[in-house]
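structural data only, the sequence is not supplied:
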Ligand code: BES
Ligand code: MN
Ligand code: ZN
């Protein structure tokens, strides 16, 4: 799990041993409150070190200043905030991530409340969130720990702010979100021999400790429900499929729930339409959508969000076998619609079709959002820094876009036009599971749309962002835990009464 970082809040004042982290703008002037704290001698030292190191105070740059004997801190770490314009749009989580990396394995006092920053309680909480997320690394399977190195020691931060109690209260909620992100990252990072469908379901079941109602459906129940599409995908694997329904009831029972649905393909070999060998190991992360749903429910339940949520995940493994589903097969989905299988590697949409249909019928949600590492085509279209958004509802799409801008988990709306729907008409069945090479992400979204009735719905294609995506100040992990912060923010801004 997160490599031991502890974060406390305290008042601005004299500090003991360890690092002292100071923030400066590009004018390199220490704020008066800071000078009072560190003393004029230390302030002069910073000025001289900055000049000799050509430190310009640029945004997210750092200068480390050893201090002479006599001062009680071990080291001054000066972090740049850039120009006034940079400071106006400061990303507090990114600053927290950057700072945590600079003082990794050490004890540090961070002068957040002074400088020109004047961090609010929420700013300080966001800083803490970034520091926690940056400190996460997945090393469960490294038997040779970096035991003698600095990093393994754990980091101790004291964030010095104007109102420590208020910051601590605000950090309760952001800590819950950090835990949810870390859980999602763990699930994505786990190897597929460990995290197969039944084990994934078992981990989701642990949410019961937080007051989440969890129901695990095995093959018998899925058969009884008529989930012929999901079961077709699962047939080639010796690992049984699962569907897990998680319910967090934080609001009035009469209130219709919102629904999050995730693709959980624990390993996607492509099946009979087998993938080429290069990079196939990455397909252990083909459950990033399901991981996000579990992480989000963890976050919402931990912070006792005043909302009713249904989280549903379809968990399978897609393998080649004598009993695999094949190209040419026609399968009947739970909705009754039939699907001609063209390519067994277009499996995620079959899984989602049945889970979405079930959720919509059984729970009558206000709206549904599905998340899936669905297509390579979305990576071609948008790259690895932004997810594709498809929706039948402008208002829901706008809310997701705004939540993306607020959290940095950006989404970009893509079109859904009749031509994409036409592309998946089949000669033999109601539809086929691929629409050809062109517009692959959009024809996949159109496929899912055929399982959505008259309810607001958004589909997030997260193939580019869920794993192996660009690193950031708050993420160095292969499994990004993408989407937990986005969905938490959506709920917080619009659906908590
Ligand atoms: N899981 C893959 C999509 C994917 C690709 C996710 C790369 C993450 C990184 C999905 O099941 C898949 O194989 N999609 C095919 C669809 C095609 C056969 C129509 C694809 O994108 O090539
Ligand atoms: Mn596939
Ligand atoms: Zn897949």
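It's in. Just so it is clear, the structure is predicted and the values come from calculations on it, not from any experiment. Ligands and ions are numbered 1, 2, ... in the order given.

chain center to stretch 275-293: distance?
When distances are taken as CA atoms, centre = their mean, to the nearest Å, stretch 275-293 is centred 15 Å away from the chain's centroid.

tell me which residue of the stretch 101-250 of the chain lies closest to ligand 3.
Going by CB to the ion, ligand 3 is nearest to residue 233 of the stretch 101-250 of the chain, at 9.2 Å. For glycine as for every other residue, the C-beta is placed from the backbone atoms N, C-alpha and C.

same question for the stretch 351-497 of the chain.
residue 373 (6.2 Å).

can you pull the residues of the stretch 201-350 of the chain lying near ligand 1?
Counting by CB under 6 Å from any ligand atom, the stretch 201-350 of the chain comes close to ligand 1 at 268, 286, 343, 345-348.

try it again at 5 Å.
Neighbours of ligand 1 within the stretch 201-350 of the chain, by CB under 5 Å from any ligand atom: 268, 286, 343, 345-346, 348.

how about the contacts made by the nearest residue to the residue of the stretch 101-250 of the chain closest to ligand 3 once chain neighbours are set aside?
Nearest non-adjacent residue to residue 233, counting by CB to CB, 6 or more residues apart in numbering: residue 347, 4.4 Å away. Contacts for residue 347 (CB atoms under 8 Å, 6 or more residues apart in numbering) come out as 233, 265, 268, 271, 316, 318.

list buried residues within those residues.
Neighbour counting with 16 or more other CB atoms under 10 Å marks 233, 265, 268, 271, 316, 318 as buried within these.

distance check, the last one against residue 475.
With distances taken as CB to CB, to the nearest Å, residue 318 is found 27 Å from residue 475.

contacting residues around whichever residue of the chain sits closest to ligand 2?
Proximity of the chain to ligand 2 (CB to the ion) peaks at residue 345, 3.8 Å away. Counting by CB under 8 Å, 6+ apart, residue 345 touches 268, 270-271, 273-275, 318.

residue 436 now?
423, 443.

gap between the residue nearest to residue 249 when sequence neighbours are not counted and residue 255?
What sits nearest to residue 249 in space, not counting adjacent residues and going by CB to CB, 6+ apart, is residue 308, at 5.3 Å. For residue 308, the distance to residue 255 (CB to CB) stands at 5 Å.

out of the two, which sits in the busier spot?
Ranked by neighbour count (other CB atoms under 10 Å), residue 308 and residue 255 place residue 308 first, with 22 against 15.

contact partners for that one?
By CB under 8 Å, 6+ apart, the contact set of residue 308 is 247-253, 255-258.

just checking, what packs against the helix or strand of the chain with the lowest mean pLDDT?
The helix or strand of the chain with the poorest confidence is helix 32-38; it has a mean of 81 (mean pLDDT, DSSP states H and E). Judged by 3 or more CB pairs under 8 Å, 6 or more residues apart in numbering; DSSP states H and E, helix 32-38 is in contact with strand 19-24.

in the sheet, which strands lie alongside the strand it packs on, parallel or antiparallel?
If you go by DSSP bridges, strand 19-24 pairs up with strand 75-80 (parallel), strand 107-110 (parallel).

wait, is residue 362 part of a strand?
No: secondary structure of residue 362 (DSSP: H, G, I helix; E, B strand; the rest coil): helix, not part of a strand.

can you list the buried residues in the biggest helix by length in the chain?
Criterion DSSP state H: the longest helix present in the chain is helix 164-189. Counting neighbours by 16+ other CB under 10 Å, one finds that the buried residues in helix 164-189 are 164, 166-168, 170-171, 173-189.

now do the helix or strand just after that helix: distance to the chain's middle.
Downstream of helix 164-189, the first helix or strand assigned by DSSP states H and E is helix 197-205. Computed by CA atoms, centre = their mean, the chain-centroid distance of helix 197-205 equals 19 Å.

just checking, what packs against helix 197-205?
Helix 197-205 packs on strand 213-217, strand 242-249, strand 258-268, helix 288-302, strand 308-318, going by 3+ CB pairs under 8 Å, 6+ apart.
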